[in-house]
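Participant: mind folding the following:
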Amino acid sequence: MSILAERGQARPATPVPAQPRPVRVLRGRRGEVHRPPTRARVVAGRRPAGAPCVAPRRVPVRWPWLAGLAVASCLVITGLGLFGGGSASAPVPERTAAVSVEQGDTLGSLAARFAPGSDPGAVVARIKELNRLDQAVLVPGLSLTVPVADPAVVPGS
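Facilitator: Below is the predicted model:
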């Protein structure tokens, strides 16, 4: 063995101390409170996963209420349309008369004057149809065929 000791292959009698490992310094998160390692970290609004004593929060069902509110609003709008604007006006009169247009007359004013109980829009459409008018430009003295509700109104015009 002495030969091996001279060549450097034998182990020394005293143990050589091992190199120390570098120490890693752990830095905590800034602003986070130090907690014991056995305590779970609580994230905002979430409960720990393994908490047996905490029952899960039940989310209220909102879809039936939303559907009911939509149906109720549709019914209210339909009811307002039927009862509020559903006043039935008289149909467009079948009788017609020839009328001379005066200064400042419009198709709407003629419809209101000669068919007062009827829908003015429908009467104006009928006047355009009877006289084959494309535009609502009226010239004083122009003769038009107009639906009339009361034949007694025509002689006064």
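
Participant: gap between Gln19 and Gly108?
Facilitator: When distance is defined by C-beta to C-beta, to the nearest Å, Gln19 is 105 Å away from Gly108. For glycine as for every other residue, the C-beta is placed from the backbone atoms N, C-alpha and C.

Participant: ok, these two, which is more surrounded?
Facilitator: Between Gln19 and Gly108, counted using other C-beta atoms under 10 Å, Gly108 has the larger neighbour count: 14 against 6.

Participant: for the more buried one, phi and psi?
Facilitator: When quoted as degrees, to the nearest 10, the phi and psi of Gly108 stand at phi -70, psi -40.

Participant: residues contacting it?
Facilitator: Shown in contact with Gly108 (C-beta atoms under 8 Å, 6 or more residues apart in numbering): 120, 124.

Participant: what's the separation between it and Arg62?
Facilitator: In this structure, Gly108 lies at 50 Å from Arg62, with C-beta to C-beta as the measure.

Participant: residues near Pro116, how many?
Facilitator: Burial of Pro116 is recorded as 13 neighbouring residues (other C-beta under 10 Å).

Participant: now it: closest residue in space that isn't a chain neighbour?
Facilitator: In this structure, Pro116 finds its nearest non-sequential neighbour in Ala149, 6.6 Å apart by C-beta to C-beta, 6 or more residues apart in numbering.

Participant: contacting residues for that neighbour?
Facilitator: Ala149 touches 90, 93, 95, 114-118, counting by C-beta under 8 Å, 6+ apart.

Participant: now Leu133: which helix or strand?
Facilitator: Using DSSP states H and E, Leu133 maps to neither a helix nor a strand.

Participant: ok, now which ones touch it?
Facilitator: 107, 127.

Participant: phi first, then psi, for it.
Facilitator: phi -100, psi 130.

Participant: and the pLDDT at it?
Facilitator: The confidence metric pLDDT takes the value 86 at Leu133.

Participant: just Ser118 next, same as before
Facilitator: According to the prediction, Ser118 has pLDDT 85.

Participant: was I right to think it contacts Ala90?
Facilitator: Yes. With the criterion set as C-beta atoms under 8 Å, Ser118 and Ala90 qualify as a contacting pair; they are 5.0 Å apart.
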